[in-house]
Structures are given as structure tokens and as C-alpha cells.
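[1] Give me a 3D structure for the following:
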Amino acid sequence: MPSNRRKTTSEPPGQGPTHPPRFDETTAAARAESRRRSGESCNAGSRGRPEYKRRRYRTPRLEAYNAVMPVELFENMKTVVGFSQADADALRDLAGPISPFLGPITDQFYENLRRDPRTSAILESGEQQLESLRGTLLTWLEELFCGRYDEAFFERCCNIGRTHVRVNLPPPYMFTAMNLIRLALVERINQLDIPDPHRKIAALHKILDLELAIMNETYREDLIEHMKEIERAQYRQQLSESEHLATVGQLAASLAHEIKNPLAGISGAIQVLGAGLDADHPHKEIITEVLHQIDRLDMAVKDLLIYARPKPPERKRIDLSNTLNRTLILLQEEPVFRNVHVVCEGLEESHVVEADEAQIQQVFTNLMLNAAHACKQGGHVRCTIEHANSSIRVTTEDDGAGMEQSVLARVFEPFYTTKARGTGLGLPICKRIVEAHDGRIDIRSTPGEGTFVTFDIPEQK
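    Below is the predicted model of the structure:
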């Protein structure tokens, strides 16, 4: 909310400071034009915020609403509820008679909040803060009947709303709390021996409605600031990931040059040595294991290159059923698949998409291998491919150990893995490939029950 605006004075000439100013009926448009011509800034924020400029949501009504600065909004709301100088005078006349009841109303208000377990937790931060809140509420009640409903009054109302935000009072409780205050004040006014109580109660309803509108605006302000902070955090994360990816790319290029070629030479030399050994030679098993470890290193380097230097998909019309079927045939040779039962559904139907077949096959391979590795001996892996609205949905599930939520939250982070021999790049690569194909991937897991992975890709008719 603005806090550095020029204070306007609407007191008629010769009228003392103890008299309320006449109600200012200057239109919001005239006020805004006057500020524009005088160069007055409307962008200074409160609570240490650099500005009040709102995010422009792309709907005509919201754009018109966002274009109105808060004080102009306050003046507009006065017009909407019909709040006039007569209402201001009626409230000022109530100041003396209602004053003795404001303290008891404040005490009763906080007593009601204490009875509700959901709101009492807000008040458990200490007696000192509670006394501060009591004093703030009492001051606010007194100012309801001040007779001056100008820019300073508006800013004080904003501060009350910010207090609600600071103590984490949910908006629904703010509205119900205001209703408690309203009912208590109306009850006391009806007990007073004053002229025209109905006129004064009507004025009270109007000012309380204005108060609600202002306080609700402070919640909106806080929500927008929270959204901005989320956007800033996401931007910082994306920037960090981009910098990290650039570093990984340089590392990958170095690894490809420094590791991959020597590995090929080592592999060739080991194969030559192994070829010269008899089948029952005691070193034959060692040779086989060395070659297996070389293959693992080679795959790790390939994964790193794929993740660090992703290629845009070379799309063409493919049938995912055929791609998945070919992937399953290749995976049958993997040792881990010899110990699990694999069931696939939907392969008999055609599921056509525009995609890079090699990249999609890599997604199938990674997901199926993950599912098989998660299972114990004799476990079950199930893969389903089906039509889902305008997409093709592929689901893999296993009955393995599952994952805790702390692990599940990080499965798409590069290099994060719980496997003894994993690189932590399988699922991040899958996510990148699926998103490059305008799809989305989702993973759910329950400890002790298994993991459920789904990805969708737009279907081509």
C-alpha cells in the first residue's frame, strides 16, 4: 500500500482542526490525473517493498481494476456504498456515547477467539503480543468514529490488514471476526439513548464494509507479493540450473575426450587378452568382470553427454506400440529382467505420435530398467499404453520397495540416486525428453508398495 503520498487536506477555510473535513467527492479519475500532472509517485511501497506496481493479469476487468491506485479505490468504494458526509457526521456523533463500550467489546472479541482452537493458536505467541493486538484493535475501534475518513484513515486501515497478514490470520477468520465486531457495536448502539439510531447504524455498516474492502486488499497485496517471491525463486532456480548445466556441459566434453577414447582402447586390449585364455582359465571370469565395468563407465559417460548436451527431437510419425515392443525385446537380454515378471498391455492397438523414436525408446528403457531394479526376485513389472483424451499415456509400475517422500521429491534432480551403481541421470533425462515432446511426466510411490510412473505425449490423428 502507498505510504509516501502527499497528504491531502479537505478542511474548509477557517474550520478548526477539531472539526472533520467535508467529504471529498473528487472523482478517482480527477485525483489520478492531478497526481500524474504533478509528477507525484504512486509506486512507493510499504513494509520495505520497493514498489506497489501490480502485476497486470490479461483480462480487461482485472486490468481496469489494477489500474486504480489504492486511495482512488477507497474513494470509489465510498461512492459504491453511498458513504457521504452525513454518514461521517453520524459516526462522529457516536464517538462519545459508544466510547465506554469499546474496551469490553475488545476483551470479548479476543475471548471468542481464544475459545476456537483454530484461532487460539494465533494468539499463543505471548501475552506481550496479545496486549499489543488488543491495543491495536481498541485504537481501530476508536478511529471508526473519528469523523475523518481521508487518506490517513485509509492507511491506518491498511496497517490493520497487514497486522492480520503478519499474525497469519486466515481471510475467512478476518471476515467472521469483523462480523463479531459489527454485531457487538450494533447491540450497544441499540442500547444507547440517542436520536436516530437507525441512521447511525446504517453509517456504521457502510464504514465497516469499507474497512473489509481495504483489509481484503491487503491480503491481495500480500498474495501478489508472495506470488512474485515464488516467481523470483523459480527464476533463481532456473538460472542456477542453467549455470549448472553449462558447467556439466564443459565437464561432459572433457570426459568424452579424456575417458571415452582410453576406455575403448582398454576394452580392446582386455578383449585380446581374454581371447588368448582357455575357457576354464581362472582369470577368464576376471576378464569378463573388467569388461562389464568398462561398459558401465561407457554408459555413464553417454548419460552425462545426453543430459548435458540434449539434442532437439527429430520428430516423425511413429507408433509408440511398436517402439515399446522393440524396447521390450532388447530388454529381455538384460540380466535384471530374468528375475521379474513383465506384463505389457495395449500393444495390440496403434498409438501414433510425432516424436523422436530414439529418444522415446530411451525413455522406455530407463523407466523399465528402473522398475525392474526396484523389484525383488520374482517381482512384477507392468507397462500400459493407452489413449488419454488427446494424448498417449504410458504407465510403468512395479511392486518394489517404493520411495519415501523425501526421496520422491528429488528423483528428477541430476546426479541424485539411491542406487549403488546409478548415475542419477536416468529420470532427469526422461523428464527432459518428455517435456521436449510437449508432454509431462509424473511419479508416485508408496514405501513398501511400489512406484507408479506416467508420462503423456500429444497424440497424432
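
[2] Mind naming the longest helix for the protein?
    With residue count as the measure and DSSP state H as the assignment, the chain has helix 197-255 as its longest helix.

[3] model confidence over it, on average?
    With pLDDT averaged residue by residue, helix 197-255 scores 77.

[4] Quick one: name whatever helix or strand follows that helix.
    For helix 197-255, the succeeding helix or strand toward the C-terminus, using DSSP states H and E, is helix 261-275.

[5] how about that next one as PDB, C-alpha atoms only?
    Backbone C-alpha positions of helix 261-275 (Å, rounded to 0.1, in the frame of the first residue of the first chain) are rendered in PDB as follows:
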ATOM      1  CA  ASN A 261      38.700 -42.900 -26.100                       C
ATOM      2  CA  PRO A 262      41.000 -44.500 -23.500                       C
ATOM      3  CA  LEU A 263      38.100 -46.700 -22.400                       C
ATOM      4  CA  ALA A 264      37.700 -48.000 -25.900                       C
ATOM      5  CA  GLY A 265      41.500 -48.800 -26.000                       C
ATOM      6  CA  ILE A 266      41.400 -50.600 -22.600                       C
ATOM      7  CA  SER A 267      38.300 -52.600 -23.700                       C
ATOM      8  CA  GLY A 268      40.000 -53.700 -26.900                       C
ATOM      9  CA  ALA A 269      43.200 -54.700 -25.000                       C
ATOM     10  CA  ILE A 270      41.300 -56.700 -22.400                       C
ATOM     11  CA  GLN A 271      39.300 -58.500 -25.100                       C
ATOM     12  CA  VAL A 272      42.600 -59.500 -26.800                       C
ATOM     13  CA  LEU A 273      44.000 -60.800 -23.500                       C
ATOM     14  CA  GLY A 274      40.700 -62.700 -22.800                       C
ATOM     15  CA  ALA A 275      40.700 -64.300 -26.300                       C
END
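
[6] Most remote residue from the middle of this structure, which is it?
    Centroid-distance maximum for the chain: Asp278 at 63.8 Å, with C-alpha atoms, centre = their mean.

[7] Next, that one: secondary structure please.
    Three-state secondary structure (criterion: DSSP: H, G, I helix; E, B strand; the rest coil) places Asp278 in coil.

[8] That one - nearest residue in space that isn't next to it in sequence?
    For Asp278, the nearest residue in space outside its immediate sequence neighbours is Lys284; the separation is 7.4 Å by C-beta to C-beta, 6 or more residues apart in numbering. Quick note: C-beta positions are derived from backbone N, CA and C, even for glycine.

[9] cool, and Leu324?
    Counting by C-beta to C-beta, 6+ apart, the nearest residue to Leu324 once its immediate chain neighbours are dropped is Phe364, at 5.5 Å.

[10] Check Arg92 too.
    Gly147 is the one closest to Arg92 (C-beta to C-beta, 6+ apart), at 3.0 Å.

[11] Let me see the contact set for that neighbour.
    With contact taken as C-beta atoms under 8 Å, 6 or more residues apart in numbering, Gly147 is in contact with Pro20, Ala88, Asp89, Leu91, Arg92, Ala95.

[12] Out of those residues, the closest to Arg338 would be?
    Sorting those by distance to Arg338 puts Leu91 at the head of the list, at 84.4 Å, by C-beta to C-beta.

[13] Kindly provide the distance from that closest one to Lys316.
    When C-beta to C-beta, to the nearest Å is applied, the distance between Leu91 and Lys316 equals 74 Å.

[14] Repeat that for Asn370.
    In this structure, Asn370 lies at 27 Å from Lys316, with C-beta to C-beta as the measure.

[15] Who has more neighbours out of these two?
    Applying other C-beta atoms under 10 Å to Asn370 and Lys316 shows that Asn370 carries more neighbours, namely 22 against 10.

[16] Name the helix or strand for the more buried one, please.
    Taking DSSP H and E as the criterion, Asn370 maps to helix 357-374.

[17] Now do the next helix or strand after that helix and helix 357-374, the angle between them.
    Counting by DSSP H and E, the element after helix 357-374 in chain order, helix or strand, is strand 379-388. Between the direction of strand 379-388 and that of helix 357-374, the angle (axes from the mean of the first three to the mean of the last three C-alpha atoms, to 10 degrees) works out to 140 degrees.

[18] Which strands and helices lie in contact with strand 379-388?
    helix 320-331, strand 340-345, helix 357-374, strand 391-398 (3 or more C-beta pairs under 8 Å, 6 or more residues apart in numbering; DSSP states H and E).

[19] picking up where we left off before, buried subset of the contacts of Gly147?
    The neighbour-count test (16 or more other C-beta atoms under 10 Å) applied to the contacts of Gly147 identifies Pro20, Ala88, Asp89, Leu91, Arg92 as buried.

[20] Among these, which has the minimum pLDDT value?
    Among the buried ones among the contacts of Gly147, pLDDT bottoms out at Pro20, giving 38.

[21] returning to that earlier point: packing partners for the longest helix of the chain?
    Using 3+ C-beta pairs under 8 Å, 6+ apart as the contact definition, the elements that helix 197-255 packs against are helix 70-81, helix 85-115, helix 127-144, helix 151-166, helix 171-191, helix 284-308.

[22] quick one: the most centrally placed residue in the chain and Tyr219, what's the gap?
    For the chain, the residue whose C-alpha lies nearest the mean C-alpha position (C-alpha atoms, centre = their mean) is Ile230; its distance is 6.3 Å. Distance, Ile230 to Tyr219, using C-beta to C-beta: 16 Å.

[23] again, but for Lys461
    Here the criterion is C-beta to C-beta. By it, Lys461 lies 46 Å from Tyr219.
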